[in-house]
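K.L.:
I would like to see how this sequence folds:
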Amino acid sequence: MCLICFAAIAFDLLFPIRYYAAVKENCDRYGVEPSVALAVIWTESKFRSDAESSAGACGLMQLMPTTAQWLSYELDIEYGKEKLFEPEYNIRLGIYYLSYLKEKFDGDYALAAYNAGEGNVEKWLQTNGEIRFSETRDYINKVNMAKKIYRLRIGA
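P.N.:
Predicted structure coming up:
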């Protein structure tokens, strides 16, 4: 096998593109860059629709049930915790949430809010704007790295 072919296969395995139709549709609907949504999914769950964190976040985009319930209300769609493990449902809620956070916070602060919560970001912005959780700083770096890779992968 040629080296370039091997590299391409490894790239596909490390940074897969799954559920792209649902990602693209909802990104177009809510004004989110597809590479950002794919990067968040990769960072949150590595595209595992059955992922569940120790804190209770569920599905591809690792939504907390209370947040998902609120998002479902905002979108006027039925809520059910079990639905959070359905890729299309989870993607719709997660991308809508990214859009909401993008409107509320500038730049990386939207990603910080996705990871650490809006309340924490509001507190940080009221002081010097420093993101105080190292986990959240690492999260932002991972998403931004993956976003660059997904931009190359999808050509956008």
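
K.L.:
tell me the SS of residue 69?
P.N.:
With DSSP: H, G, I helix; E, B strand; the rest coil as the basis, residue 69 sits in helix.

K.L.:
if I pick residue 36, what's in contact with it?
P.N.:
By C-beta atoms under 8 Å, 6 or more residues apart in numbering, the residues touching residue 36 are 98, 143, 147. For the C-beta atoms, the positions are set from N, CA and C on the backbone; glycine is no exception.

K.L.:
change it to 7 Å
P.N.:
Taking C-beta atoms under 7 Å, 6 or more residues apart in numbering as the contact definition, residue 36 lies against 98, 147.

K.L.:
Residue 98 too?
P.N.:
32, 36-37, 40, 110, 114.

K.L.:
So which of those sit within helices?
P.N.:
36-37, 40, 110, 114 (DSSP state H).

K.L.:
so which two of the residues you listed are the farthest from each other?
P.N.:
Using C-beta to C-beta, the ones in helices among the contacts of residue 98 span at most 12.2 Å, a distance reached by 37 and 110.

K.L.:
more crowded one of those two?
P.N.:
Using other C-beta atoms under 10 Å as the criterion, residue 37 and residue 110 rank with residue 37 on top: 27 against 23.
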